[in-house]
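> kindly return the folded structure for what I paste below:
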Amino acid sequence: MATVFEISGQMAMFRKPYTTTSSVSFAFPPPTAVAGLISAIAGISNGSNEDGCNATFWEQLKGTKVSVAILNDLKWGRYTVNFWNVKNPQSSPHIQVKHQFVKKPRYRVFVDGGLEEQLCSKLEQNRFVYTPYLGVAYALADMQFIGKYLTEPVQEKILECDTVIPWDDSIKLGNIFETGGVFKEQVPFRMDAKRTFLQSISVLYPPCPETKLLLKERGNADVTRCGEDVVAWFPEW
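Numbering: from 1, shown residues only. Coordinates of the predicted model:
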C-alpha cells in the first residue's frame, strides 16, 4: 500500500545548494525536502533542541520510498527579501537578497513503506505535528489527503509516467519532441542525522504537467501503478 497526499501553497522555494547570494529554486521538492515534510507531518523530531544541525528523523526513514508529481504549470517569481546584516550591521542593518520562487505550486506526494503508517494516521485526521512548509518557513503548505492505494506492477512496455523520473542510462524516452522538451536536474537525495550530504540523484521531468514523459524502455526504473497514476519511485532510504 502507498499513501498519497497533495501539498500546495502560494509559493515555494527549494534552494539549489550551489546558489549562494542569489537563491535559485528547484521546480519541485527534492527527496531531502520530502523527507523533512513527511517527518514533520508524522511528528518525527529532528532533534534540533539538542543541536541546531541535527536531522535525526533520517534514522527513522529507513525503508521509506517516495515519488513526486508536479500538478500545476511551473511559474516563477523573482523577489528581493530583506535580511538582517549580521556581518556588518554598522554599515547597514539590512541586506537585500534576490530569491527565485515557484508561484502557486501544487504537488502530489507518494509514500510507501517505512514511515507510511504514521504519516497516513495524521493525514486521515487532517492533522500534523510540526508545521509543513514548502522549502522555507514562510512558504506554508496546505495539505490534502488523497488516499491509500495498492501498488500494482505495470504490464505495458511503453507507458506515460505521471511523476518525476529518477534517471539512469538504462531508461529510454520516446516523446521528447512531443512534450516540448525535458528538464534534467541533479537533486539531493540523502543526508545523515547531522545534515551531512550523502548522495544525489539525477531526475527528468517535462516542461508542463499536461505532457507526460513516455518511457520507451524503463530499464532499472522502479515503476508501478498507484491508483490512476503511473509512479516512478526513488530508491528506498
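
> what average pLDDT does stretch 198-215 get?
Averaging pLDDT along stretch 198-215 gives 91.

> likewise for stretch 103-118?
The average pLDDT for stretch 103-118 rounds to 95.

> run the chain-centre distance for that stretch.
Put simply, stretch 103-118 sits 8 Å off its chain's centre (C-alpha atoms, centre = their mean, to the nearest Å).

> mind listing what's buried in it?
Going by neighbour count (16 or more other C-beta atoms under 10 Å), the buried part of stretch 103-118 is 105-116, 118. Glycine gets a C-beta too; all of them are placed from N, C-alpha and C.

> and that stretch, end to end?
30 Å (C-alpha to C-alpha, to the nearest Å).

> kindly report the same for stretch 161-171.
Terminal residues of stretch 161-171 lie 12 Å apart, using C-alpha to C-alpha.

> so which bits of it are buried?
So stretch 161-171, judged by 16+ other C-beta under 10 Å, has buried residues 161-167, 171.

> hmm, back to that, could you dump the buried residues of stretch 103-118 to CSV with secondary structure and distance to F177?
Listed next are these as CSV, based on DSSP: H, G, I helix; E, B strand; the rest coil; distance: C-beta to C-beta, whole Å:
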residue, secondary structure, distance to F177
P105, coil, 27
R106, strand, 27
Y107, strand, 26
R108, strand, 26
V109, strand, 30
F110, strand, 28
V111, strand, 34
D112, strand, 33
G113, coil, 37
G114, coil, 38
L115, coil, 40
E116, helix, 38
Q118, helix, 44
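
> farthest pair in those residues?
By the measure C-beta to C-beta, P105 and G113 form the most distant pair in the buried residues of stretch 103-118, at 25.8 Å.

> just name the closest of the buried residues of stretch 103-118 to L140, please.
The closest of those, once distances to L140 are taken by C-beta to C-beta, is P105, at 12.1 Å.
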